[in-house]
Each structure stands twice: as C-alpha cells, then as structure tokens.
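> Fold the following.
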Amino acid sequence: MKVLAISSLLVLFFSAVASAQSLSNSDIFQRLKKLNAGKEITLTYDRAGGTSKIMAVAENFSDSESDRAGLKAMNFAAGFFYAGETLRSPPESIKLSFWAMAKK
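Below you'll find the predicted structure:
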C-alpha cells in the first residue's frame, strides 16, 4: 500500500512539474512541502557540478515479499537531474533504480 501511495505522489509531483514553464528549486521545495513529501521525495543541489536532483524513494518492500525473493531487503527509487537551480522544461528521462540486499 505504501508503494502505491508513494508512486501516486510521484506521478502527481512529476505531472505538476511537467506542466510548469519554469520552477526554481525554492518553488519546487515549497511544492514538496505542501505535498508533505519531505521524506519520500527529496531535492538536492550539487554546487560543484551545478546540477539539481529530484528523487523519490519508496519504503522497503514488506519482509514477506523480500523473503519470497530470497532477499533481506529490496527497495526502489525514481528521479531525474537538471542543470542549475531552475527546472525550465520537463525531464527527457526519469531514472528508475532497484536496490536488493542479499541475505549473505
């Protein structure tokens, strides 16, 4: 259920971002705050590289699902990068990552 809720938040957030013409990182942060998604969706800015990253991380899958897969834990995340501190256009691609922690 939590995975579904986080996925829904992610879709809503990306829809709002995609429809925007230009959003600064502070605008995006305020929208995340309104969604109360501070733990699930994060916004970071790397001054050295001059890039921003928006990433949504789901909670771990339930222990029963992990056990069936023969794993200790598994998780997934989605996100994208953009240059600077202003999102000027929708992302061309969104990266999806899965993490798995083996029992050994």
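> for the protein, where's the lowest mean pLDDT among helices and strands?
Least confident helix or strand of the chain, by mean pLDDT, DSSP states H and E, is helix 2-19 with a mean of 61.
> Please read off the pLDDT at the nearest residue to Gly84 once chain neighbours are set aside from the model.
Residue nearest to Gly84 in three dimensions, not counting chain neighbours: Gly50, with 6.2 Å by CB to CB, 6 or more residues apart in numbering. All C-beta spots, glycine's among them, are computed from the backbone N, C-alpha and C. If you check Gly50, the pLDDT there is 95.
> before we move on, what about the one 3 residues further on?
Confidence at Lys53, expressed as pLDDT, is 94.
> Let's verify it: helix, strand, or coil?
strand (DSSP: H, G, I helix; E, B strand; the rest coil).
> quick revisit: tell me the strands beside the helix or strand following the least confident helix or strand of the chain, with direction?
Next helix or strand after helix 2-19 toward the C-terminus (DSSP states H and E): strand 23-24. Sheet pairing for strand 23-24, assigned by DSSP bridges, gives strand 86-87 (antiparallel).
> Check the gap between Lys103 and Arg47 for me.
39 Å (CB to CB, to the nearest Å).
> Beta-bridge partners for Phe80, please?
Beta-bridge partners, per DSSP bridges, of Phe80: Ile54.
> Distance check, it against Phe98.
Counting by CB to CB, the gap from Phe80 to Phe98 is 17 Å.
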